[in-house]
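>>> okay, predicted coordinates and the sequence, questions at the end:
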Amino acid sequence: MSVHFRRGSAFSEEALRQSYESLTTGTILEGAPVEIDTVNLDFECRCGHKQVITSDDLIGHMFVCPRCGATKEIDEAHDLELVELVAEGADWMGFETTNRRECMQRSIATTKATMKNRE
Ligand SMILES: [Zn+2]
């Protein structure tokens, strides 16, 4: 069994892993390998400064340009998507594929809510 996520670069990978671990503790997903792809979130400021935004660059949802000090709200700060959930064997005990997906989407929603509450 493995789980595959795609995250925006502004979504903290560490926070994702931690939330995921705490959410799956005691479930059959506990200890399942997690694969995380990163999609770079490019930023181009009106002053010409360009960079990829990571979670370390954000204050809440805000990004501050290191060159001119302009602030920008980053709506994609919580971009996270479940790409693939591979489950094999009888562990899922008759769960239909859609139910698995639903279960994981709920976990993701909880993860996002958890992360929002941290800010
Ligand atoms: Zn700037």
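Alright, I've got the coordinates. Numbers count the residues shown, from 1 in each chain.
>>> quick one: contacts for the residue nearest the centre of the chain?
By C-alpha atoms, centre = their mean, the chain has its centre lying nearest to L80, at 3.7 Å. Neighbouring residues of L80 by C-beta atoms under 8 Å, 6 or more residues apart in numbering: F5, R6, R7, G8, F11, L16, I108, T111, K112. C-beta: built from backbone N, CA, C; applies to glycine.
>>> tell me which of those residues is nearest to the ion?
Of all these, the one with the least separation from the ion (C-beta to the ion) is G8, at 20.3 Å.
>>> and the closest one, what are its bridge partners?
Following DSSP bridges, G8 is listed with bridge partners V39.
>>> wait, it sits on V39?
Yes. Contact criterion C-beta atoms under 8 Å: G8 and V39 qualify, at 5.5 Å.
>>> list the buried ones in the helix or strand containing D42?
Element membership for D42 (DSSP states H and E) is strand 41-44. Going by neighbour count (16 or more other C-beta atoms under 10 Å), the buried part of strand 41-44 is L41, F43.
>>> what do you get for stretch 45-62?
So stretch 45-62, judged by 16+ other C-beta under 10 Å, has buried residues C45, Q51, I53, T54, S55, D57, L58.
>>> between those residues, which is closest to the ion?
C45 (3.1 Å).
>>> which phi and psi does the closest one have?
Backbone geometry at C45, expressed as degrees, to the nearest 10, gives phi -80, psi 160.
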